[in-house]
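In: Kindly return the folded structure for what I paste below:
(2 chains, ligands or ions: 1)
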Amino acid sequence: MGDAFDKEFPLTDIVSISDFSRSSIEFVLQQADLMEKTPREKKLGLLKGKVVASLFFEPSTRTRLSFETAAHNLGASVVGFADAATSSTKKGETLSDTIRMVSGYADLIVLRHFIEGAAKRAAEISHCNVINAGDGSNQHPTQTLLDLYTIQKEFGKIDGLSICFLGDLKYGRTVHGLAYALAMFKKIKLYLVAPEVLKMPKAIVEEVGDRIEIVQGEKLEEFLPELDVLYSTRIQKERFLDLLEYERVKSVYVLDKKLLESTKESFRIMHPLPRIDEIHPELDATNAALYFKQAANGIPVREALLDILSRRGKA
Amino acid sequence: MSSIGVKGVYVTPVQNGTALDHLNPGTSLKVLEVLKIKNARIGVAMNVESKKMGLKDIVFIEGVELSPEETEKIAFIGKGGTLNLIKNSVVVKKQELNYPQIASGIFKCLNPCCITNKELLETKFHIVSTSPLKAKCHYCEARMDENEITASIK
Ligand SMILES: [Zn+2]
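Out: Next up, the predicted model:
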């Protein structure tokens, strides 16, 4: 591809949101928007004759279906596996060898792996472009990009918004990636609301806090009137030694209609899904519920990424 | 012998080899441990007086010239120290020990789920800050501080 393309989008692989600049993020969002406006028949030609390898060493039905649908929408054929039990890893093959083999016949690899850094390594050895669909608790850049796309689409901008992360901010990689990404934008006010045991890691708060304003707390109510976006996350039972503590914490962060009494008209709720009971179904039909649209936005964003990389090539 | 060392402290002089001077007091044994040098005449002076730093350690290694990799490695223990290359009892090269921008194969990643701890693969870290020392794993993006780094030097 030409130099102009290189400048707009210098990446050959989608490994980590920290490889992105604000302009390369904006390029992806713009292309995703374009995808939504492109007629179905035209899209079908974009990856015609190309093979997308969908390698899921760890099951993740939602992410896999979203990627595979995107690949099909662009006319690609999809090969691969849905979990490691059916792959050659079970026979002891290393990730590096699997990638060497697959990159010999695929045009693009979508990789989900429980080992952290797997995607980075795959991108180093692969002859074709690699997209990270999640590597352990490290990165899930396409989730971050679809979150940003959702915000951009709903508010027409990302700069200047007040966004609150709620729930498990310690282990939730979704909020870690989004925090780093938001730090590339201007005048963001980021509220972090979590129980003491699930607070955002100090290293992230320090890095992100250098660039945007961060307010930490345990109570959501005090911030509600100021918020544009409330990003809720699942609190996982496994994280708690004390189950009583889990029940207490969980019930504190359940969102229901009462919440909307003190929020702005334009207030929206996001969630990476699946939810357990963090968001009461009574909110689903309200204007505030953005989470289903958010999940659907995974398709145009992943279509855009597949298209960009396939046009860009590896070199 | 040249200007390395301290008066009144007995250390074996180096005729041809390496002298590591101005090491932080108490770090000399760790330096030798990570260099894994065998069959060389080694002299160590610990906690000797230094005008510049109060107390310091010095290591003399006869017949050994450190490779660039070894020099990078000991910088993580002896940052700010001086590497002297000695030939025929004369210091022919002086170099301050500094962190490289990228540390390859020097220390292990603290994240047990990192690919460098799962497959045969050289570790690689980006030094994101030198004071305080902070490194970020090229693969899993785990952050490590100075204590974690010195504890995991291979
Ligand atoms: Zn690592």
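
In: what's near enough to touch residue 83?
Out: You didn't pick a chain, so chain A it is. When contacts are counted by CB atoms under 8 Å, 6 or more residues apart in numbering or on different chains, residue A:83 touches A:56, A:57, A:58, A:59. In short, each C-beta sits where N, CA and C put it, glycine included.

In: Chain B, not that one
Out: Contact analysis of residue B:83 by CB under 8 Å, 6+ apart lists B:18, B:19, B:20, B:66, B:71, B:93, B:94, B:95, B:96, B:97.

In: can you tell me which two in the contacts of residue A:83 are farthest apart?
Out: Taking CB to CB, the two most distant members of those are A:57 and A:59; they sit 9.0 Å apart.

In: Looking at those two, which is more packed in?
Out: residue A:57 (21 against 13; other CB atoms under 10 Å in any protein chain shown).

In: how near is the more buried one to residue B:113?
Out: 13 Å (CB to CB, to the nearest Å).

In: the strands in chain B, which residues?
Out: Shown for chain B, the strands assigned by DSSP state E span residues B:17-23, B:42-50, B:54-62, B:82-87, B:90-96, B:102-104, B:124-130, B:133-137, B:143-145.

In: should've said chain A
Out: A:51-56, A:77-81, A:108-113, A:129-135, A:162-166, A:189-193, A:213-217, A:229-232, A:268-270.

In: export those to JSON lines and tack on mean pLDDT and distance to the ion?
Out: Formatted as JSON lines, the strands of chain A follow (pLDDT from 0 to 100; distance: least, CB to the ion, whole Å):
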{"stretch": "strand A:51-56", "mean pLDDT": "97", "distance to the ion": "21"}
{"stretch": "strand A:77-81", "mean pLDDT": "96", "distance to the ion": "25"}
{"stretch": "strand A:108-113", "mean pLDDT": "97", "distance to the ion": "14"}
{"stretch": "strand A:129-135", "mean pLDDT": "97", "distance to the ion": "11"}
{"stretch": "strand A:162-166", "mean pLDDT": "97", "distance to the ion": "25"}
{"stretch": "strand A:189-193", "mean pLDDT": "97", "distance to the ion": "25"}
{"stretch": "strand A:213-217", "mean pLDDT": "95", "distance to the ion": "26"}
{"stretch": "strand A:229-232", "mean pLDDT": "98", "distance to the ion": "27"}
{"stretch": "strand A:268-270", "mean pLDDT": "98", "distance to the ion": "29"}
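
In: what about these, which gets the closest to residue B:108?
Out: Of these, nearest to residue B:108 by CB to CB is strand A:129-135, at 18.6 Å.

In: quick one, the closest one and strand A:51-56 angle?
Out: Going by axes from the mean of the first three to the mean of the last three CA atoms, to 10 degrees, strand A:129-135 is angled at 20 degrees with respect to strand A:51-56.

In: who in chain B is up against the ion?
Out: B:109, B:111, B:114, B:137, B:139, B:140, B:142 (CB under 5 Å from the ion).

In: Excluding chain neighbours, give the residue nearest to the third one in space.
Out: Nearest residue to residue B:114, sequence neighbours excluded (CB to CB, 6 or more residues apart in numbering or on different chains): residue B:140, at 4.0 Å.

In: Kindly report the same for the second one.
Out: Taking CB to CB, 6+ apart, and ignoring the residues beside it in sequence, residue B:111 has residue B:142 as its nearest neighbour in space, at 4.1 Å.

In: what's the most buried one of the strands of chain B?
Out: Ranked by mean neighbour count under mean count of other CB atoms under 10 Å in any protein chain shown, the strands of chain B are led by strand B:17-23, which reaches a mean of 24.

In: Enumerate the residues of the stretch 101-250 of chain A near chain B.
Out: Residues of the stretch 101-250 of chain A lying close to chain B (CB under 8 Å from any CB of the partner chain) are A:114-118, A:120-121, A:135-139, A:203.

In: and the residue of chain B found nearest chain A, how many residues sit next to it?
Out: Closest residue of chain B to chain A, CB to the nearest CB: residue B:139 (2.7 Å). As a burial measure, residue B:139 scores 30 neighbours (other CB under 10 Å).

In: Now do it, the pLDDT please.
Out: On the pLDDT scale, residue B:139 is placed at 97.

In: Find the residue closest to it in space, skipping its chain neighbours.
Out: That would be residue A:117: by CB to CB, 6+ apart, it lies 2.7 Å from residue B:139.

In: Relative to the ion, how far out is that neighbour?
Out: 5 Å (CB to the ion, to the nearest Å).

In: I'd guessed that residue sits against residue B:140; true?
Out: Yes. At 3.9 Å, residue A:117 counts as touching residue B:140 under the criterion of CB atoms under 8 Å.

In: so what sits against both of the two?
Out: Common neighbours of residue A:117 and residue B:140 (CB under 8 Å, 6+ apart) are A:135, A:138, B:114, B:115, B:116.

In: So which residues of chain A form helices?
Out: Using DSSP state H, the helices of chain A run over residues A:3-8, A:22-37, A:40-43, A:61-73, A:95-102, A:118-125, A:141-155, A:173-182, A:202-209, A:243-252, A:291-296, A:298-312.

In: Adding mean neighbour count and distance to residue B:153, write those helices out as TSV.
Out: Formatted as TSV, the helices of chain A follow (neighbours: other CB atoms under 10 Å in any protein chain shown; distance: least, CB to CB, whole Å):
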stretch	mean neighbour count	distance to residue B:153
helix A:3-8	12	38
helix A:22-37	17	35
helix A:40-43	10	52
helix A:61-73	19	38
helix A:95-102	18	25
helix A:118-125	25	22
helix A:141-155	23	31
helix A:173-182	24	28
helix A:202-209	16	21
helix A:243-252	14	39
helix A:291-296	16	44
helix A:298-312	23	38
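
In: hey, least reliable of the ones you listed by pLDDT?
Out: helix A:3-8 (a mean of 70).

In: Dump the residues of chain B next to the ion to CSV, plus distance to residue A:214.
Out: Output for the residues of chain B next to the ion, formatted as CSV (distance: CB to CB, whole Å):
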residue, distance to residue A:214
B:109, 27
B:111, 25
B:114, 27
B:137, 24
B:139, 27
B:140, 24
B:142, 22
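
In: For chain A, which residue gets nearest to chain B?
Out: Proximity of chain A to chain B (CB to the nearest CB) peaks at residue A:117, 2.7 Å away.

In: what's near enough to touch that residue?
Out: Contacts of residue A:117 (CB under 8 Å, 6+ apart): A:135, A:138, B:114, B:115, B:116, B:137, B:138, B:139, B:140, B:141.

In: which one is residue A:18 nearest to, not counting chain neighbours?
Out: In this structure, residue A:18 finds its nearest non-sequential neighbour in residue A:180, 5.9 Å apart by CB to CB, 6+ apart.

In: Could you do residue A:272 as well?
Out: Using CB to CB, 6+ apart and skipping residues adjacent in sequence, the residue nearest residue A:272 is residue A:174, 4.6 Å away.
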